[in-house]
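Chemist: Sequence plus the predicted model coming up.
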Amino acid sequence: MSELPLPDRQFTGYQIFVIAILSILQFTIILDFMVLSPLGAMLLPKLKITTAQFGLVVSAYAFSAGGAGLLAAGFADKFDRKKLLLFFYTGFLLGTVLCALAPSYEFLLFARIVTGIFGGVIGSVSFAIISDLFAFEVRGRVMGFVQMAFAASQILGLPIGLMLANAFDWHAPFWMIAIFGAAVGVLMVVYLRPVTDHLKIQTERNALQHLVKTFSVPDYVKGYLSTALLATGGFMLMPFGSAFSTNNLGLTLEQLPIVYLIVGIFSIATGPLIGSLSDRVGKFRVFLYGTLVGCITVAIYTPLGITPVWLVIVISVIMFAGITARMISSSALMSAVPAARDRGAFMAINSSIQQISGGIASGVAGLIVFQAPDGKIERYPLLGGVVIVTMIITIFSMYWIDRHIQKTAAAKK
């Protein structure tokens, strides 16, 4: 299937199917990653593990995903992307089933590593497919729909998963993901067409040579550095968000799901609108405005003390709108950095860097903040300041990427 013709901005029925199936696929991947954290309260006593051991279970996914992406990068452009996607999605579902069967901490840790090895590559293959099938001029809209998976997993998947866990046990959410994911896999087998145009322009390099070459192209390296900075800012505040909300802002555990629900609904509603806007007014411009909104709201949010729930919701909605704008526009911009023959490898490396940088950022954040005896998260404003600095730096790095894309497009004319 060729890219969408530039003058024609309407998606065909098959293109709508591709967007929908990749969005649903991302939903299952993100839900599998997110659902473990709120299950911590059940897992600690059930498996008789410490908080440090639970932290290792959570981080094992990210680091195994990052390592797998690097290992898979050399092969990412050597196969039909549909077959590659199905291979890794099958492995991901196998890992999820292992989580559902896990009787012990050691088995669960192994299962999370397996899930990360396969799940960590799926996002990069999906973005390579998007780059192959959709022209740059409409990728903002496509990314806007795909990024809805983050919000959907928060407001739909997590509550259902937790309800199942409460009704049965902590294994139940993983069974739900595995069964639902298997149905998604069947749809991909039956209806997703082969994605092979990139094979026609491949060189004779072997997998290792392809990996080394893609890793060392100067223009690509600048993209990797931008991704590392984007992940650093995104992953620093997130791990301590719930603790900060309940201990510093004064929200109750009953109010917290309401905040997540409302923020998630707004994120779902604004995602496609932001994606469409980035195609019309420019992806870098939307990234710039999203970053400025994010910086202002982080500066307001992180020093807050006891705050009315309605004000927390307003600030959170605006802050996540800025974050969503950054995610959608940067993903669309990054998709145009690699040459067509290197897309799979570039996306795999880029995804690995994102995973590893996110894991490192979470660890660094844990060194910056600490929990006082009264439960409050201390030095959160300092953490916010670090996030703001990284966000400002990404403005310059993404500006370079935008200029590079424009120059490359002009040279082809």
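Modeler: In hand now; what should we look at?
Chemist: doesn't residue 391 make contact with residue 295?
Modeler: Yes: in this structure, residue 295 is within contact of residue 391 by C-beta atoms under 8 Å, at 5.5 Å. All C-beta spots, glycine's among them, are computed from the backbone N, C-alpha and C.
Chemist: More neighbours: which of these two?
Modeler: Neighbours per residue (other C-beta atoms under 10 Å) separate residue 295 from residue 391, with residue 391 holding more: 23 against 20.
Chemist: Return the residues in contact with that one.
Modeler: 233, 291, 294, 295, 298, 326 (C-beta atoms under 8 Å, 6 or more residues apart in numbering).
Chemist: can you rerun that using 10 Å?
Modeler: Contact analysis of residue 391 by C-beta atoms under 10 Å, 6 or more residues apart in numbering lists 229-230, 232-234, 290-292, 294-295, 298, 322-323, 326.
Chemist: Validate this expectation: it resides in a helix.
Modeler: Yes: counting by DSSP: H, G, I helix; E, B strand; the rest coil, residue 391 is part of a helix.
Chemist: Tell me how far it lies from residue 45.
Modeler: From residue 391 over to residue 45 the distance is 39 Å, taken as C-beta to C-beta, to the nearest Å.
Chemist: Next: residue 265.
Modeler: 33 Å.
Chemist: Between the two, point out the one with more neighbours.
Modeler: residue 265 (15 against 8).
Chemist: Please name the nearest non-neighbouring residue to the more buried one.
Modeler: Nearest residue to residue 265 in three dimensions, chain neighbours excluded: residue 155, at 6.1 Å (C-beta to C-beta, 6 or more residues apart in numbering).
Chemist: Could you give the number of residues near the one you found?
Modeler: 18.
Chemist: And residue 327, by the same measure?
Modeler: Neighbourhood size, residue 327 [other C-beta under 10 Å]: 21.
Chemist: so what's the backbone phi/psi at it?
Modeler: Main-chain torsions, residue 327, degrees, to the nearest 10: phi -60, psi -50.
Chemist: Could you verify my assumption that it touches residue 274?
Modeler: Yes: with contact defined as C-beta atoms under 10 Å, residue 327 and residue 274 form a contacting pair (9.0 Å).
Chemist: intersection of neighbour lists for these two?
Modeler: With C-beta under 10 Å, 6+ apart, residue 327 and residue 274 have common neighbours 143, 144, 147, 290.
Chemist: Quick one: name whatever helix or strand follows the helix or strand the first one falls within.
Modeler: In this structure, residue 143 is located in helix 139-146 according to DSSP states H and E. Scanning the chain past helix 139-146 towards its C-terminal end, the next helix or strand to appear is helix 148-152 (assignment: DSSP H and E).
Chemist: helices and strands around that next one, which ones?
Modeler: helix 13-34, helix 255-281, helix 309-335 (3 or more C-beta pairs under 10 Å, 6 or more residues apart in numbering; DSSP states H and E).
Chemist: Quick check: which of those helices is buried the most?
Modeler: The highest mean neighbour count among these, using mean count of other C-beta atoms under 10 Å, belongs to helix 309-335: a mean of 22.
Chemist: can you give me how far the helix holding residue 143 is from the chain middle?
Modeler: Chain-centre distance of helix 139-146: 13 Å, with C-alpha atoms, centre = their mean, to the nearest Å.
Chemist: name the helices or strands packed onto that helix?
Modeler: Judged by 3+ C-beta pairs under 10 Å, 6+ apart, the packing partners of helix 139-146 are helix 13-34, helix 105-133, helix 255-281, helix 283-301, helix 309-335.
Chemist: Redo those helices as a markdown table? Include distance to residue 200 and mean pLDDT.
Modeler: Below are the helices and strands packed on helix 139-146 laid out as a markdown table (distance: least, C-beta to C-beta, whole Å; pLDDT from 0 to 100):
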| stretch | distance to residue 200 | mean pLDDT |
| --- | --- | --- |
| helix 13-34 | 20 | 88 |
| helix 105-133 | 12 | 89 |
| helix 255-281 | 28 | 84 |
| helix 283-301 | 28 | 94 |
| helix 309-335 | 20 | 90 |
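Chemist: Out of the ones you listed, the one nearest residue 364 is which?
Modeler: Among the helices and strands packed on helix 139-146, the nearest to residue 364 by C-beta to C-beta is helix 283-301 (16.2 Å).
Chemist: Quick one: list the elements packing against the closest one.
Modeler: Helix 283-301 makes packing contacts with helix 139-146, helix 218-237, helix 255-281, helix 309-335, helix 380-412 when contacts are defined by 3+ C-beta pairs under 10 Å, 6+ apart.
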